[in-house]
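Enquirer: Just a sequence and a predicted model for now, questions to come.
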Amino acid sequence: MTTTLGKALTLGLRRALENDDKVVIMGEDVGKLGGVFRITDGLQKDFGEERVIDTPLAESGIIGTAIGLAIRGYRPVCEIQFDGFVYPAYDQIVSQVAKMHYRSQGRVRVPMVIRIPFGGGIGAVEHHSESPEAYFAHTAGLKVVACSTPNDAYWMIQQAITSDDPIVFLEPKRRYWEKGELDLESPASPLHASRVVQPGTDVTVVTYGPLVRTCLDAAAAALEDGRSIEVVDLRTISPLDLDPVYESVRRTGRCVVVHEAPSNLGVSAEVAARVTEKCFYSLEAPVLRVTGFDTPYPAARVEEEYLPDLDRVLDAVDRSFGF
């Protein structure tokens with residue numbers, strides 16, 4: 001079937017609620033309104049106010065409550081309404097969620113999912129467009145994933161909910177309305193596995209989340225100029241699954257890493273370092289990066305100047321061939 005990424009998430013959450021009565025969804029306006037992006041639309045009506053819970057506007061309280069539920073055997077799914085709203089809950093996530101399992105020597109598990117719409121591209125106001133993934137990927141004890149297609153959204157949210165680990169689940173908000181194929185029979189990949197989404201022979205482009213679509217468009221444009229780009233969707237940011245990336249780079253000899261977050265100490269820096277360590281003798285050029293700029297996220301009027309686009313990806317590919 002064909003559906004949007006947002007609708008696929010709704011279907012995945014519905015399936016999780018049906019499969020396990022210990023799954024609860026909680027967040028600001030997730031119930032009666034169905035969420036600002038309507039991802040939880042209709043779920044409170046069908047599953048009741050005790051399983052799809054409208055919370056106060058208090059992110060620290062949402063996460064703190066979910067920790068208690070998770071310890072007592074529930075599987076809470078917390079929605080952070082916008083990426084920029086997660087910071088009041090950062091102390092709970094880093095000091096409690098990430099450490100509880102280790103602090104208890106494995107006796108206590110915290111099986112919870114923290115859903116965060118992330119990235120720009122929707123013309124939002126301040127605090128509504130951020131790319132906070134590096135904060136969480138740097139935190140031992142958390143797992144961080146990012147879906148990019150309806151099929152991944154549907155399966156990854158269910159896989160995350162059934163996991164015994166706390167998972168930060170990043171959703172590319174500007175892709176909520178984009179359509180794609182959804183296979184309801186079986187997942188295409190395990191949760192923490194990267195995947196080649198566009199085979200190629202000349203250069204490896206590594207990305208995740210909202211920029212997978214951008215890199216696929218760049219690959220299509222490059223093909224018209226006779227250049228073959230292989231696109232790898234990381235899908236999981238922590239732990240990183242880089243074996244498909246290494247295998248690709250050893251064939252192509254070139255690598256460009258693309259993400260929307262700022263460059264300084266971002267995910268791309270870690271990927272570039274590891275690729276250089278593992279594939280040094282295969283590289284024909286340095287690993288290059290295409291990222292957002294090292295500034296606070298800009299006002300909506302100029303966000304198109306900030307977001308990596310097709311031209312910036314193709315420029316990096318051209319520079320890679322210039323070495």
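Expert: Cool, got the structure. Just so we're clear, the structure is a prediction, and the values are computed from it rather than from any experiment.
Enquirer: In contact with residue 288: list those residues for me.
Expert: Residues near residue 288 by Cβ atoms under 8 Å, 6 or more residues apart in numbering: 255-257, 316, 319-320. C-beta coordinates here come from the backbone N, C-alpha and C atoms, glycine included.
Enquirer: what about 7 Å?
Expert: 256, 316, 319-320 (Cβ atoms under 7 Å, 6 or more residues apart in numbering).
Enquirer: can you pick the most crowded of these?
Expert: Per-residue neighbour counts (other Cβ atoms under 10 Å) across those peak at residue 256, which has 26 neighbours.
Enquirer: Assumed that one was part of a strand.
Expert: Yes: under DSSP: H, G, I helix; E, B strand; the rest coil, residue 256 sits within a strand.
Enquirer: Please report the distance of it from residue 189.
Expert: Note on residue 256: its distance to residue 189, by Cβ to Cβ, to the nearest Å, is 22 Å.
Enquirer: Could you check how far the residue nearest the centre of the chain is from residue 209?
Expert: Taking Cα atoms, centre = their mean as the criterion, residue 146 is the residue nearest the geometric centre of the chain, at 1.8 Å. Applying Cβ to Cβ, the value for residue 146 to residue 209 is 4 Å.
Enquirer: quick one: common contacting residues for the two?
Expert: residue 170.
Enquirer: for the stretch 201-323 of the chain, what spans make up the helices?
Expert: For the stretch 201-323 of the chain, helices defined by DSSP state H, counting those that start in this stretch occupy the ranges 211-224, 243-252, 267-279, 303-306, 310-321.
Enquirer: Tell me how far the shortest one lies from the chain's centre.
Expert: Right, the one you point to is helix 303-306. 20 Å (Cα atoms, centre = their mean, to the nearest Å).
Enquirer: for the last one, same thing?
Expert: In this view, helix 310-321 has its centroid 24 Å away from the chain centroid, taken as Cα atoms, centre = their mean.
Enquirer: Does anything pack onto that helix? Which helices or strands?
Expert: Other helices and strands packing on helix 310-321, by 3 or more Cβ pairs under 7 Å, 6 or more residues apart in numbering; DSSP states H and E, are strand 203-207, helix 211-224, strand 255-262, strand 288-292.
Enquirer: Pick the most buried one from the ones you listed.
Expert: Of the helices and strands packed on helix 310-321, the one with the most neighbours on average (mean count of other Cβ atoms under 10 Å) is strand 203-207, at a mean of 29.
Enquirer: For that one, which outside residues touch it?
Expert: 215, 229-234, 245, 248-249, 252, 254-259, 271, 313, 317, 320.
Enquirer: Residue 43 reaches residue 52, doesn't it?
Expert: Yes: contact criterion Cβ atoms under 7 Å: residue 43 and residue 52 qualify, at 4.7 Å.
Enquirer: Now the common contact residues for these two.
Expert: residue 25.
Enquirer: Can you pull the domain assignment for this structure?
Expert: 2-181, 195-321 (automatic domain parsing).
Enquirer: now these as a markdown table including mean pLDDT?
Expert: What follows is these, written out as a markdown table (pLDDT from 0 to 100):
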| stretch | mean pLDDT |
| --- | --- |
| domain 2-181 | 96 |
| domain 195-321 | 96 |
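Enquirer: Name the SS class of residue 37, please.
Expert: Quick answer, by three-state DSSP: residue 37 is coil.
Enquirer: Tell me how far it lies from residue 69.
Expert: From residue 37 to residue 69 the distance is 23 Å (Cβ to Cβ).
Enquirer: Over to residue 33?
Expert: 22 Å.
Enquirer: Would you mind saying which of the helices and strands packed on helix 310-321 lies nearest residue 13?
Expert: Closest to residue 13 of those is helix 211-224 (Cβ to Cβ; 21.7 Å).
Enquirer: Residues contacting stretch 104-112, please?
Expert: 66-67, 70-71, 75-76, 78, 97, 100-101, 163-164, 166.
Enquirer: With stretch 28-46 instead?
Expert: The contact list for stretch 28-46, computed with Cβ under 7 Å, 6+ apart, reads 6, 9-10, 13-14, 17, 25, 49, 52-55, 57, 79, 81, 117, 173, 176.
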